[in-house]
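> here is my input; please provide its structure:
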Amino acid sequence: MKERRLILASASQGRKWVLEQLGLKFDVVPSCVDEERFATADPVELVSKLSLAKGKDVAARIGPGEDALVIGSDTVVVLDGEIIGKPSDLEDARSMLRKLAGRAHQVISGVAVVETVSRRYQVAYDVTTVRVRDIPPDVIEKYVQTGEPLGKAGAYAIQGRGALIIDGIDGCYFNVVGLPIRKLSDILKNFGVELFQPI
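Here you go, the predicted model:
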């Protein structure tokens, strides 16, 4: 299968890290999508629409003259049917972590791949259940003061210090980081890109 240019339509360090773990060569071109325009109560619909919008936005800027595959992704945390996004400030992060403490929640990540030449696309999502430990207030405060919760869905980064508040997960770890790699692998294969090449 031929090698194609891959573009990550995100400035997320977590998503970049996931692709690096797979040994992929890729460029980063963050999308300019206004996420507020996509407000919906259905988390699967939200991550699917946002992932596709991000991918299409960057694909349009790259243009059909460049044969590339653009990867768009979005992640939300869901607790008791309520979508918990990224904290707006430190107080919001404290509040989110208090809600999640001692409970299980779902992390839903969408992924879309858009082909720049044909504008053909495919979208998928994955769900991972995350169990959070009981977190004492002083630990919440120390964690919030690191600044790590800002910019993270659910106010934690499982690949960082946030791992210390996690009791366990059921499902894909990378989905919690922000990129469902099994779904991405399946989609890329449909576009002629094989992630796993036997030696």
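
> now stretch 49-69: buried residues?
By neighbour count on 16 or more other CB atoms under 10 Å, the buried set for stretch 49-69 is 49-59, 62, 68-69. C-betas here are computed from N, CA, C, even on glycine.

> what would those residues look like in TSV with distance to residue 193 and pLDDT?
Shown next, in TSV, are the buried residues of stretch 49-69 (distance: CB to CB, whole Å; pLDDT from 0 to 100):
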residue	distance to residue 193	pLDDT
49	24	96
50	23	96
51	17	98
52	18	98
53	22	97
54	19	98
55	15	98
56	19	97
57	21	97
58	17	97
59	15	96
62	16	91
68	11	96
69	7	98
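
> which of these sits closest to residue 4?
residue 69 (5.6 Å; CB to CB).

> in which helix or strand would I find that closest one?
strand 68-79 (DSSP states H and E).

> for that strand, packing partners?
strand 5-8, helix 43-62, strand 82-84, helix 90-100, strand 104-115 (3 or more CB pairs under 8 Å, 6 or more residues apart in numbering; DSSP states H and E).

> which one of these is the most hemmed in?
Of all the helices and strands packed on strand 68-79, strand 104-115 carries the top mean neighbour count, a mean of 24, counting by mean count of other CB atoms under 10 Å.

> which neighbours in the sheet does whatever helix or strand comes next after that one have, and how are they oriented?
Downstream of strand 104-115, the next assigned helix or strand under DSSP H and E is strand 121-132. Strand 121-132 has the following strand partners under DSSP bridges: strand 104-115 (antiparallel), strand 166-170 (antiparallel).

> let's have those strands in TSV, adding mean pLDDT and distance to residue 143.
Putting the strands paired with strand 121-132 into TSV (pLDDT from 0 to 100; distance: least, CB to CB, whole Å) gives the following:
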stretch	mean pLDDT	distance to residue 143
strand 104-115	98	17
strand 166-170	98	12
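
> in the protein, which residue is closest to the centre?
Closest to where the C-alpha atoms of the chain average out (CA atoms, centre = their mean) is residue 178, at 2.4 Å.

> quick one: it from residue 119, how far?
Remark: distance between residue 178 and residue 119 (CB to CB, to the nearest Å) = 25 Å.

> tell me which of the helices and strands packed on strand 68-79 lies nearest to residue 165.
helix 90-100 (7.5 Å).
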